[in-house]
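S.K.: pasting the sequence and the predicted coordinates here, then a few questions.
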Amino acid sequence: MTPFAQLPSADGVWTNLRLAPEALGEASTAVDDAAIVVQNGHIVWVGERRALPADHAHAPQHNGRHALVTPGLIDCHTHLVYGGQRANEFAMRLAGASYEEVARAGGGIVSSVRATRAASEDDLFALAAPRLQALLNEGVCAIEIKSGYGLSLEHERAQLRVARRLGEHFGVTVRTTFLGAHALPPEYVGRSQAYIDTVCHQMMPALAAEGLIDAVDVFCETIGFSLAETEQVFRAAQALGLPVKLHAEQLSDMGGSALAARYGALSCDHIEHLSEAGIAAMKQAGTVAVLLPGAYYFLRDTHLPPIAALRAAGVPMAVSTDHNPGTSPTLSLLLMLNMACTLFRMTVPEAVAGVTRHAARALGLQHSHGQIAVGQPANFVLWPLGEVAELAYWLGQHPQPTVVRQGRITSAIYPPAPLRVTPQGAALAVWPSQPGGAPGSGT
Ligand code: NIG
Ligand code: FE
């Protein structure tokens, strides 16, 4: 594989682009004939092609071939680094066991902890790299990666170090989240408070001092940690100046979201059982609702998150894979767009904002990611698609986009797949897209 730093530069003038609605920020409309200028890996101009300043005429030219352009996608909730897999639990649940019953029987998160602890950092990297590559191939340009399968200082450190290494190796923005309070490790059974003390006073300060933590998360649930324990973790995070987020109201309404909102949480995630009070608290705090249709689907959940109420309250909604070996073993953010629409009744524009603008906000990255804006790193995706609804419409079909990530042309498909314009004016991708020349070869 070509090292990231040796991939072709995206610097130059990109023309023949159709900008998707909201690509330029909230409420921006589609632009049919757009241009983007990239300099030193950053966007320095974007707008209608006819307004393109002449002084860029001598820069390298990139022909977008009428592609549909969105900001780089953002997967704002993943547990990407772990050992093993849990297909056996899938079979148990198909035979009638619930997620809680599997967890209480010694399976669940703790079984991934065993496999993760047994793996070296190199093993964990080798396992996570193809997972990350699959997400990147679909246009992901920023990703959150949680710890939470180590549950000791040494093993949480290993997970977080691997997350950082993945970011460097693949040239992708990685935000690390410390999820030490994901489950009670076997050596602390019956001593929950002692474990929370270790998380707050040993693990979190040490890992923060090593620069490994961008945010702190807790699994607040009957089979996870209580509201009081969650608050202790939030206090410790606050003392270290770290933002918080929460796995909240997934299986029951514990009131975790309202607590998280009081700590100014970046996001509350899952929230199938979120109450009106929780919604109001999130709205007031500006906390993002992160919706995870993969886990809802995979657990065959039937309790829908309160989408209509979140929409009515104006709470920003993000959508993510929640990739993990227990409840959401998916590596397709586009499939999550489809599920957000079909299962959760989100609209296509809501779902697309959910993997761009609002996902950026869920990670505190709203000033550098999630839209195509001057001054930001060049992260954008050229889709060989006629309209934005196709992002959510094709089911399990890979659209093979051209991806510009951190100022480099990273996809194998360059120049972008050509589109055919019908007499009606609709643009159709030519399937399958041609493999194109070598990256950087043509315009
Ligand atoms: O987001 N619910 C807690 N955490 C993960 C599942 C972890 C696991 O089962 O391994 C989630 O769904
Ligand atoms: Fe999760």
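M.R.: Thanks, I have it. Bear in mind that the values here come from a model prediction, so they are computed numbers and not experimental data. Ligands and ions are numbered 1, 2, ... in the order given.

S.K.: got a pLDDT number for residue 88?
M.R.: Note for residue 88: predicted pLDDT of 94.

S.K.: quick check: it vs residue 79, distance?
M.R.: Residue 88 is 18 Å from residue 79, where distance means C-beta to C-beta, to the nearest Å. Glycine gets a C-beta too; all of them are placed from N, C-alpha and C.

S.K.: how about residue 305?
M.R.: 19 Å.

S.K.: and for residue 267?
M.R.: Separation of residue 267 from residue 79 (C-beta to C-beta): 15 Å.

S.K.: neighbour count winner among those two?
M.R.: Neighbour count, other C-beta atoms under 10 Å: between residue 267 and residue 79, residue 267 has more, with 31 against 25.

S.K.: contacts only, for residue 114.
M.R.: residue 84 (C-beta atoms under 8 Å, 6 or more residues apart in numbering).

S.K.: and it, that's in a helix?
M.R.: Yes: assessed with DSSP: H, G, I helix; E, B strand; the rest coil, residue 114 lies in a helix.

S.K.: give me phi/psi at residue 46?
M.R.: Backbone torsions for residue 46, taken as degrees, to the nearest 10, come to phi -150, psi 140.

S.K.: and the next element down the chain from the longest strand along the chain?
M.R.: Taking DSSP state E as the criterion, the chain has its longest strand at strand 61-71. Note on strand 61-71: by DSSP states H and E, the next helix or strand toward the C-terminus is strand 73-75.

S.K.: need the contact partners of whichever helix or strand comes after that following strand.
M.R.: The first helix or strand that comes after strand 73-75 along the chain, using DSSP H and E, is helix 87-94. Residues outside helix 87-94 that contact it (C-beta under 8 Å, 6+ apart): 99, 102, 107-108, 111, 298-300, 326.

S.K.: apply 7 Å and report the result again.
M.R.: If you take C-beta atoms under 7 Å, 6 or more residues apart in numbering as the criterion, helix 87-94 is touched by 99, 102, 107, 326.

S.K.: can you pull out the strands in the stretch 101-250 of the chain?
M.R.: 140-146, 173-181, 215-218, 245-248 (DSSP state E, counting those that start in this stretch).

S.K.: looking at those, which is nearest to residue 53?
M.R.: strand 140-146 (26.1 Å; C-beta to C-beta).

S.K.: other SSEs contacting that closest one?
M.R.: strand 73-75, strand 173-181 (3 or more C-beta pairs under 7 Å, 6 or more residues apart in numbering; DSSP states H and E).

S.K.: mean confidence for the last one?
M.R.: Mean pLDDT, taken over the full extent of strand 173-181, equals 98.

S.K.: how far off centre is that strand?
M.R.: 12 Å (C-alpha atoms, centre = their mean, to the nearest Å).

S.K.: what's the answer for stretch 86-99, then?
M.R.: For stretch 86-99 - counting by C-alpha atoms, centre = their mean - the centre lies 26 Å from the chain centre.

S.K.: neighbours of the residue nearest to residue 174 when sequence neighbours are not counted, how many?
M.R.: The spatial neighbour of residue 174 that comes closest, neighbours along the chain excluded (C-beta to C-beta, 6 or more residues apart in numbering), is residue 167 at 3.3 Å. Close neighbours of residue 167, defined as other C-beta under 10 Å, add up to 19.

S.K.: pretty sure residue 167 contacts residue 176?
M.R.: No: applying C-beta atoms under 7 Å as the test, residue 167 and residue 176 come out as separate, 8.5 Å apart.

S.K.: please identify which of the helices and strands packed on strand 140-146 is closest to ligand 1.
M.R.: strand 173-181 (7.9 Å; C-beta to the nearest ligand atom).

S.K.: hmm, the closest one touching ligand 1?
M.R.: No: using C-beta under 6 Å from any ligand atom, strand 173-181 stays clear of ligand 1, with a minimum separation of 7.9 Å.

S.K.: that strand pairs with which strands, parallel or anti?
M.R.: Strand 173-181 has its sheet partners listed here by DSSP bridges as strand 140-146 (parallel), strand 215-218 (parallel).

S.K.: show me where the stretch 301-443 of the chain has helices.
M.R.: 307-313, 333-342, 348-354, 357-362, 390-393 (DSSP state H, counting those that start in this stretch).

S.K.: looking at these, which is buried most?
M.R.: The highest mean neighbour count among these, using mean count of other C-beta atoms under 10 Å, belongs to helix 357-362: a mean of 27.

S.K.: count the residues that sit near residue 385.
M.R.: With other C-beta under 10 Å as criterion, residue 385 counts 23.
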